[in-house]
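Novice: just a sequence and a predicted model for now, questions to come.
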Amino acid sequence: MMIDNEYSRREVIKLGSLASLGLLVLPSFEAFNFKDTMIKRVVPPSNEKLPVIGLGTWQTFDVGNSKEKRKVLKQVLQEMNRLGGRVIDSSPMYGSSENVVGDLTYTMKPRNDFFYATKVWTSGKQAGIRQMEQSFRLMKRERIDLMQIHNLVDWKTHVKTLKHWKDIGKIKYWGITHYTNASHSTLEKIINAETPDFVQFNYSIRDRHAEQSLFKTIEKNKTAVLINQPYDSGSLFRITKGKKLPGWCKDYDINSWGQYFLKFIISNELVTCVIPGTSKPHHAIDNMMAGYGILPNQKVREKMYEHLKSL
């Protein structure tokens with residue numbers, strides 16, 4: 001099969017979809033010359049722009065010193081970078097993930113192109129400082145782009161440290177995170193009181209609890225948003241297994257169910273970046289391609305939601 005060096009966005013998305021289904025083995029994306037770039041959103045505190053699709057590392061990057069698994073994960077990072085993704089989100093909670101991210105990106109030429117986000121996940125000021133400094137060492141960074149308070153653990157203590165670290169330039173942004181609907185009201189209170197740069201929380205096409213109030217608070221305070229649990233812990237793929245995409249999806253450059261779920265999320269303009277996790281290069285390609293092309297409007301978003309409910 002002959003492959004041209006220049007691909008239109010639609011052609012690349014189609015090829016990526018075939019690859020995600022195991023129907024096509026793609027060559028290195030170094031050869032591709034994209035006519036479009038990934039959609040980007042502004043981080044309000046600085047007007048920096050971030051690509052809308054990133055990478056989560058929970059479980060997927062917790063591979064220790066396995067050379068074989070690390071080799072595959074490096075390919076994930078390479079495909080992410082080639083397709084315009086930047087945000088890598090990790091945590092001390094994620095086993096060896098911070099160390100794996102640090103080791104792999106350190107050997108890559110575009111290591112400084114990535115946006116490094118991690119978290120503090122302990123109680124006490126000094127314990128938090130020690131843990132965060134360890135994260136710097138593991139991720140091999142002199143400066144972390146985003147340091148977040150993981151699941152709000154001892155948040156009142158860590159807020160003071162993170163605000164100071166931002167003031168002195170040790171971190172670029174600070175934020176708060178959680179992954180349950182029950183936490184959304186607390187996140188709102190902290191956003192109103194402390195004005196973090198970022199908030200990370202759960203949101204998906206089937207779990208839209210954040211639309212009730214949290215997004216309104218985010219809009220009012222101009223807070224940047226990272227989304228976790230985009231596939232509802234994998235349940236969305238179980239619902240759609242063996243089901244065909246509706247024909248109208250092609251009008252929105254949706255060529256897989258993964259892209260269907262991600263495009264629903266990023267079509268909410270208050271979402272800065274969504275961070276699906278994967279340890280497979282072809283899934284990384286498929287995920288990144290959700291950041292290209294046409295986004296659904298509100299009417300189509302509801303159509304997508306209703307179609308999923310009908311399955």
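Specialist: Happy to help now that I have it.
Novice: hmm, who's touching stretch 301-311?
Specialist: Residues from elsewhere that reach stretch 301-311 (C-beta atoms under 8 Å, 6 or more residues apart in numbering): 205-206, 208, 236, 239-240, 243, 246, 248, 260, 264, 267-268, 296. C-betas here are computed from N, CA, C, even on glycine.
Novice: highest neighbour count among those?
Specialist: Ranked by the number of neighbours (other C-beta atoms under 10 Å), the contacts of stretch 301-311 place Phe264 first, at 27 neighbours.
Novice: please identify which helix or strand holds Glu98.
Specialist: helix 97-106 (DSSP states H and E).
Novice: against which helices or strands is that helix packed?
Specialist: Applying 3 or more C-beta pairs under 8 Å, 6 or more residues apart in numbering; DSSP states H and E, one finds that helix 97-106 contacts helix 67-82, helix 125-138.
Novice: again, only using 6 Å
Specialist: For helix 97-106, the elements it packs on are helix 125-138, judged by 3 or more C-beta pairs under 6 Å, 6 or more residues apart in numbering; DSSP states H and E.
Novice: got the buried residues for the helix it packs on?
Specialist: Gly128, Gln131, Met132, Ser135, Phe136, Leu138 (16 or more other C-beta atoms under 10 Å).
Novice: Serialize those to a markdown table and add fields for pLDDT and distance to Ile190.
Specialist: As requested, those are exported to a markdown table (pLDDT from 0 to 100; distance: C-beta to C-beta, whole Å):
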| residue | pLDDT | distance to Ile190 |
| --- | --- | --- |
| Gly128 | 98 | 16 |
| Gln131 | 98 | 20 |
| Met132 | 98 | 19 |
| Ser135 | 98 | 21 |
| Phe136 | 98 | 24 |
| Leu138 | 98 | 27 |
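Novice: and the angle from the helix holding Glu98 to helix 67-82?
Specialist: Put simply, helix 97-106 runs at 60 degrees to helix 67-82, going by axes from the mean of the first three to the mean of the last three C-alpha atoms, to 10 degrees.
Novice: now helix 97-106: buried residues?
Specialist: Ser97, Glu98, Asn99, Val100, Val101, Gly102, Asp103, Leu104, Thr105.
Novice: check contacts around the fifth one.
Specialist: In this case it means Val101. When contacts are counted by C-beta atoms under 6 Å, 6 or more residues apart in numbering, Val101 touches Ile88, Ser90, Met139.
Novice: same thing but 8 Å
Specialist: When contacts are counted by C-beta under 8 Å, 6+ apart, Val101 is found next to Thr57, Phe61, Ile88, Ser90, Tyr116, Leu138, Met139.
Novice: got the confidence number for it?
Specialist: Per-residue pLDDT puts Val101 at 98.
Novice: could you check how far it is from Glu302?
Specialist: 37 Å (C-beta to C-beta, to the nearest Å).
Novice: and the first one, by the same measure?
Specialist: In this view, Ser97 and Glu302 are 36 Å apart by C-beta to C-beta.
Novice: same check on the second one?
Specialist: In this view, Glu98 and Glu302 are 39 Å apart by C-beta to C-beta.
Novice: what is the neighbour count of Glu142?
Specialist: Count around Glu142 with other C-beta under 10 Å applied: 6.
Novice: repeat that for Asn192.
Specialist: With other C-beta under 10 Å as criterion, Asn192 counts 11.
Novice: ok, it - contacts?
Specialist: Contact analysis of Asn192 by C-beta under 8 Å, 6+ apart lists Thr217, Asn221.
Novice: who are the packing partners of the strand or helix carrying Tyr116?
Specialist: Using DSSP H and E, Tyr116 sits within strand 115-120. Contacts defined by 3+ C-beta pairs under 8 Å, 6+ apart place strand 115-120 against strand 87-89, helix 125-138, strand 144-149.
Novice: contacting residues around the shortest one?
Specialist: What that stands for is strand 87-89. Contact partners of strand 87-89, identified using C-beta under 8 Å, 6+ apart, comprise 50-51, 54-57, 77, 101, 105, 114-118, 200, 226, 228, 273, 275.
Novice: out of the contacts of Val101, flag the one nearest to Ile168.
Specialist: Each of the contacts of Val101 was scored against Ile168 by C-beta to C-beta, and Tyr116 proved nearest at 17.8 Å.
Novice: could you give the separation of the strand holding Tyr116 from the chain centroid?
Specialist: From the chain centre to the centre of strand 115-120 is a distance of 12 Å (C-alpha atoms, centre = their mean, to the nearest Å).
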